[in-house]
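J.: Okay, sequence plus prediction incoming.
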Amino acid sequence: MASIARTSAKVFYYARNVARDIVPQALFRRRLAVRLEKARICDEAACRRLNYYNKLQDGFAPSANAVRISKLPFTPTMYYYDLKEFARYFDPGLLVDIEFGDVRNVPKVPSIVKDRPIRDDDKNAVIMKLDKFRHFQMPADAIPFADKLPGVVWRGDLNNPIRKRFLQAVRDLPFCDVGSHKPNAPAEYAKPFLTIGQHQRYRYIVSLEGNDVATNLKWILSSKSLCLMPPPTYETWFAERHLEANVHYVPLAADFSDVAEHVAYFERHPAEADRIIAAANAYCRTFANEQTEQAISLLVLYKYFVLSGQIKPDAEVWRYITG
């Protein structure tokens, strides 16, 4: 159930992107050099981020399944628009391997993805900020931790065994308002839908991975509630691998037997909760500068096209990327 503000934002999102597709694309390509020049004066933190999202170092050739920029698949639509927002600055004949949707494994060839499993050999998964309208909503939270309800809340689809295991472990705890609002949820787990604002009334919000990353993680960490979750196993543009247990979130045991213990501890030590919440909020601010976000996105693609041998690098831009 979307709010009026959320619905309006979605309408604006589509209107803006449709307009970009209607405008002659050559206008964007003429601006590539200027956009790259602005991007390369970003700070070292931005450079580290672009090389984290795109870990490729050696040259490679696009696969036989690669598509031209001019022929990017239109569905899922938000993936198309989010990639096209930056791909349109490059020659429409350039080839790119892509995997839209939830990515459960590292691609066999260097490919643009929304997410990747957290593991060491992940360089073929080149992360772009895709499906960002859904994954990067971070609405304001005006309720201090101390003024929230002293309980635990979770809602979601039961599309991962970890979620059922969580519900089974905490269903009898009186301070837990947890369950699934989906029509196909078993009766014993069925709960009414809650908006983000309704979640934010609680001191403790649980984040659980589904098909890949947990969609609610970003807005929980940007709120004034405390995030409880198992360590992440997938990551997106949010770089979930960099989140630290007991720094940005409270880690939960695999069997969720420690939920009551954690709640009891932070009820006795609210200052500790505030410390973790402040660190989580600071982490979220990493993604708040839209100019920096756009610069990094453009450079991630630029690095991909250079290493795939499809464009010749500008010396200054490439020096910025490679250090």
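T.: Happy to help now that I have it. Being a predicted model, the structure only gives us computed values, none of them experimental.
J.: contacts, neighbours, all on C-alpha from now
T.: Noted.
J.: May I see the buried residues of stretch 286-298?
T.: Burial within stretch 286-298, assessed by neighbour count using 16 or more other C-alpha atoms under 10 Å, is assigned to Thr292, Glu293, Gln294, Ala295, Ile296, Ser297, Leu298.
J.: typed the wrong thing, it's stretch 100-118
T.: Across stretch 100-118, burial judged by 16+ other C-alpha under 10 Å covers 100-101, 103, 106-107, 109-118.
J.: Residues in contact with stretch 28-45: which ones?
T.: For stretch 28-45, the surrounding residues in contact (C-alpha atoms under 8 Å, 6 or more residues apart in numbering) are 88-91, 292, 295-296, 298-299, 316-317, 320-321.
J.: please redo it, this time with the cut-off set to 6 Å
T.: Here stretch 28-45 makes contact (C-alpha atoms under 6 Å, 6 or more residues apart in numbering) with Tyr89, Phe90, Ala295, Val317, Tyr320.
J.: any idea which element the third one lies in?
T.: Under DSSP states H and E, the secondary-structure element containing Ala295 is helix 290-307.
J.: which one of the buried residues of stretch 286-298 is nearest Pro174?
T.: Nearest to Pro174 among the buried residues of stretch 286-298 is Glu293, at 42.3 Å by C-alpha to C-alpha.
J.: Model confidence score at the nearest residue to that closest one once chain neighbours are set aside, please.
T.: Excluding its sequence neighbours, the residue lying closest to Glu293 (C-alpha to C-alpha, 6 or more residues apart in numbering) is Phe287, at 6.7 Å. On the pLDDT scale, Phe287 is placed at 96.
J.: Equivalent analysis for Asn105, please.
T.: 96.
J.: helix/strand/coil for it?
T.: Using DSSP: H, G, I helix; E, B strand; the rest coil, the structure places Asn105 in coil.
J.: What distance do you get for it to Glu209?
T.: Noted for Asn105: a distance of 15 Å to Glu209, by C-alpha to C-alpha, to the nearest Å.
J.: now do Asp58
T.: Distance, Asp58 to Glu209, by C-alpha to C-alpha: 32 Å.
J.: neighbour count winner among the two?
T.: A side-by-side neighbour count of Asp58 and Glu209, using other C-alpha atoms under 10 Å, places Glu209 first with 22 against 7.
J.: helix/strand/coil for that one?
T.: Under three-state DSSP, Glu209 comes out as coil.
J.: Also Ile112?
T.: At Ile112 the chain is in strand, as set by three-state DSSP.
J.: Now do the contacts for it.
T.: Contacts here follow C-alpha under 6 Å, 6+ apart; on that basis Ile112 touches Ile98, Val126, Ile127.
J.: Of the residues you listed - the most surrounded one?
T.: Each of these was scored by neighbours using other C-alpha under 10 Å; the highest score is Val126's, at 30 neighbours.
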